[in-house]
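>>> Dropping the sequence and predicted coords here.
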Amino acid sequence: MDNNNVPVYKLNDGHTLPQIGFGTYQIRGMQGVDQILAAIQIGYRLIDTSTNYDSEGAVGEAIRRSGIPRSAFYVTSKLPGQYHHRDDALKMLEESLLRLRLDYLDLYLIHWPLPKRDNYVEAWTALVEAQKRGLVRSIGVSNFETAHLDRIIEATGVAPAVNQNEIHPYWIQDKLLQANQDRGIVTEAWSPLGRGSDELKEQTILSLADKYHKNAGQIILRWHLQRGVLPIPKSGSLKHQHDNLELWNFELTADEITAINALTKANGRVNNQDPNTYEEFN
Ligand SMILES: NC(=O)C1=CN([C@@H]2O[C@H](COP(=O)(O)OP(=O)(O)OC[C@H]3O[C@@H](n4cnc5c(N)ncnc54)[C@H](OP(=O)(O)O)[C@@H]3O)[C@@H](O)[C@H]2O)C=CC1
Ligand SMILES: O=C(O)C(=O)[C@@H](O)[C@H](O)C(=O)CO
């Protein structure tokens, strides 16, 4: 599919993002360059990386090798938790740009709030400053709960453009999705396919795949889109990369969305990472 056919979400700062992106967790090195380049060649333009993934070098290299102008891309990276103090945060953003060999990011996120350390308000202030300096077009957060959102908005008057949260059929996060929407924040879904888990084998999903002549991954990604969520599936496989872009030629009914929502579980997280307690690398 040509990227021009991917619709966009409008952000609260006037910028846009394609309605689907490409995740790069565990995609790195020279093989990673090839996998990201393949994704770019079939139409992905929003690429999600992070300092924590060690994939920024591969992302930048794939963009350069594609020969497609920088301005066509939407590159996201994320601030690691040990760098929430202002000077560190600004330097880490600059380091991301150096590794990517880009002179601005489209979106920079605080990767996790780390509320026990309680420095995320200072980190957010640094991102507001970075945006004013032109280092990044849009700023946002990841793994923020409603209380974390309200604190940074109250402290700075600036709402994040994006909150990137764990969302998949076993962990649907309907309250957080509503909280993001109420604050004008676009929700991105990480692990949108449940990291390739049993969700892809659920009978509810397989029946819909049969009905619409799609595969299970496409049904789940379509469910995200119809909830107003921006999924960033990762795939090293060209077939999956391609399938994951073929989402705009069918539509689930409201009852089908409800049936997928009903798959949610009390302990449905992929890796038991509660943003209220999780600390990167601990
Ligand atoms: N902000 C945060 O804290 C976090 C952000 N992320 C971001 O979100 C991205 C996506 O999440 P991730 O955890 O990678 O998991 P995903 O939910 O994207 O699942 C990836 C797995 O699903 C498989 N897969 C992809 N497409 C299909 C398909 N159509 N059918 C069947 N299987 C498929 C992949 O296999 P194959 O490669 O063989 O296709 C891979 O094993 C990450 O790469 C990262 O960029 C992730 C975790 C946390
Ligand atoms: O991939 C990310 O962005 C993370 O934050 C990681 O914590 C990841 O979710 C993971 O599961 C690491 O074990």
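Structure received. Ligands and ions are numbered 1, 2, ... in the order given.
>>> Around ligand 2, which positions in the stretch 51-200 of the chain sit nearby?
Residues of the stretch 51-200 of the chain lying near ligand 2 by Cβ under 6 Å from any ligand atom: none. For the C-beta atoms, the positions are set from N, CA and C on the backbone; glycine is no exception.
>>> in the stretch 1-150 of the chain, which spans are helices?
Under the criterion DSSP state H, counting those that start in this stretch, the stretch 1-150 of the chain contains helices at 29-41, 56-66, 86-100, 120-132, 146-156.
>>> Tell me how many other residues crowd whichever residue of the stretch 151-282 of the chain sits closest to ligand 1.
For the stretch 151-282 of the chain, the residue closest to ligand 1 is residue 217, as judged by Cβ to the nearest ligand atom, at 2.5 Å. Using other Cβ atoms under 10 Å, the number of residues around residue 217 comes to 23.
>>> separation between it and ligand 2?
Taking Cβ to the nearest ligand atom, to the nearest Å as the measure, residue 217 falls 19 Å from ligand 2.
>>> Are we agreed that that residue is in a helix?
Yes - counting by DSSP: H, G, I helix; E, B strand; the rest coil, residue 217 falls inside a helix.
>>> Give the full set of residues in contact with it.
Residue 217 sits next to 193, 200, 233, 240, 243-244 when contact means Cβ atoms under 8 Å, 6 or more residues apart in numbering.
>>> got it, and residue 86?
So residue 86 contacts 122-123, 125-126, 129 (Cβ under 8 Å, 6+ apart).
>>> of those, buried ones?
Among the contacts of residue 86, those classed as buried by 16 or more other Cβ atoms under 10 Å are 123, 125-126, 129.
>>> ok, so of the residues you listed, who is nearest residue 250?
residue 123 (40.5 Å; Cβ to Cβ).
>>> What score does the closest residue in space to residue 171 that isn't next to it in sequence have for pLDDT?
Spatial nearest neighbour of residue 171, excluding adjacent residues (Cβ to Cβ, 6 or more residues apart in numbering): residue 268 at 3.9 Å. You'll see residue 268 listed with a pLDDT of 98.
>>> and residue 268, what is it in contact with?
Per Cβ under 8 Å, 6+ apart, neighbours of residue 268: 168, 170-171.
>>> and those as CSV, adding neighbour count and pLDDT?
Shown next, in CSV, are these (neighbours: other Cβ atoms under 10 Å; pLDDT from 0 to 100):
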residue, neighbour count, pLDDT
168, 27, 98
170, 20, 98
171, 20, 98
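>>> returning to what we had before: now, the most widely separated pair of the buried ones among the contacts of residue 86?
123 and 129 (10.7 Å).
>>> one step back: most tightly packed of the helices of the stretch 1-150 of the chain?
Most buried of the helices of the stretch 1-150 of the chain, by mean neighbour count (mean count of other Cβ atoms under 10 Å): helix 56-66, with a mean of 21.
>>> And that one, what does it pack against?
Under the contact definition 3 or more Cβ pairs under 8 Å, 6 or more residues apart in numbering; DSSP states H and E, helix 56-66 sits against helix 29-41, strand 46-48, strand 74-79, helix 86-100.
>>> hmm, back to that, wait, which of the contacts of residue 86 is closest to residue 29?
residue 123 (28.9 Å).
>>> Next up, the contacts around the closest residue to the closest one other than its chain neighbours.
Nearest residue to residue 123 in three dimensions, chain neighbours excluded: residue 84, at 3.9 Å (Cβ to Cβ, 6+ apart). Counting by Cβ under 8 Å, 6+ apart, residue 84 touches 110, 114, 117, 119-120, 122-123.
>>> go with 7 Å
Neighbour list for residue 84: 114, 117, 119-120, 122-123 [criterion: Cβ atoms under 7 Å, 6 or more residues apart in numbering].
>>> cool, residue 22 as well?
Residue 22 sits next to 39, 44, 46-48, 232 when contact means Cβ under 7 Å, 6+ apart.
>>> Excluding chain neighbours, give the residue nearest to it in space.
In space, residue 22 is closest to residue 44, 4.1 Å off (Cβ to Cβ, 6+ apart).
>>> residues near that neighbour, how many?
Residue 44, neighbours per other Cβ under 10 Å, totals 27.
>>> Also the one 4 residues further on?
Residues lying near residue 48 (other Cβ under 10 Å) number 28.
>>> tell me the contacts of residue 169?
194, 199, 202, 220, 260, 263-264.
>>> Check which helix or strand the residue nearest to it when sequence neighbours are not counted maps to.
Spatial nearest neighbour of residue 169, chain neighbours left out: residue 263 (4.2 Å); criterion: Cβ to Cβ, 6+ apart. Element membership for residue 263, per DSSP states H and E: none, as it lies in no helix or strand.
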